[in-house]
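S.K.: below: sequence and its predicted model.
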Amino acid sequence: MDDLRISAAKARARALAAERRAACDPAQGARLTENALREYLPPAGAIVAGYWPISTEIDIRPLLHALHARGYQLCLPEAPPRGNALIFRAWQPGTALVPGRFGTLHPVGEVLRPNFFLVPLLAFDAMGNRLGYGGGYYDRTFAEEPDAFRLGCAFSAQEVHAVPAGSNDVKLHAFVTELPGDGATR
């Protein structure tokens, strides 16, 4: 599929995915936390990049708190101007957050290089493809950290048969949802 057709397919898929996700309960993040800790616990010493949920994203704050309680160093993304990779800043419960681009919140502390990513998304498929918001931030970030583990965090209802993917789209290793055993390691 050429880039123009992929872009058009992604735009259509984003609209449908946003509708599906809006029907889900963000509080299912507590169940996602149980599954993530059981199935995808980061290795000891990992620097874990999370995200502060926006809009109708599944709420991974319970997972961030649980990982902090287990001694992991955590960070949250800051979206720089378009065309750049994300910046990750140290975070722990109680850290003040400031408004960022696209309605996001992020800390202002130390910049870290994560090696384990918890990734937001609009849709995902069984091949490891992720449909994001279209800015390319995570794909650029993953290109800079190719050995880092990439775990998509989503509602089970966000899985689709096939995500339109181009040559710059980086696959995720696995997905975790509110349902046990729902995401397979790629």
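M.R.: Now that the structure is in, tell me what you want to look at.
S.K.: middle-most residue in the protein, spatially?
M.R.: The C-alpha lying nearest the average C-alpha coordinate of the chain belongs to Val119 (CA atoms, centre = their mean; 1.2 Å).
S.K.: excluding covalently adjacent residues, which one is nearest to that one?
M.R.: Among residues not flanking Val119 along the chain, Gly152 sits closest, at 5.0 Å (CB to CB, 6 or more residues apart in numbering). (C-beta placed from N, C-alpha, C; glycine too.)
S.K.: which residues does that neighbour contact?
M.R.: Val119, Leu121, Phe124, Arg130, Leu172, Ala174, Phe175, Val176, Gly183 (CB atoms under 8 Å, 6 or more residues apart in numbering).
S.K.: who does the helix or strand harbouring it pair up with?
M.R.: Of the helices and strands defined by DSSP states H and E, Gly152 is found in strand 149-153. Sheet pairing of strand 149-153 (DSSP bridges) gives strand 116-119 (parallel), strand 174-176 (parallel).
S.K.: make TSV from those and add mean pLDDT and distance to Tyr72 to it.
M.R.: Below are the strands paired with strand 149-153 laid out as TSV (pLDDT from 0 to 100; distance: least, CB to CB, whole Å):
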stretch	mean pLDDT	distance to Tyr72
strand 116-119	98	8
strand 174-176	97	16
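S.K.: residues near Ser167, how many?
M.R.: Residues lying near Ser167 (other CB atoms under 10 Å) number 6.
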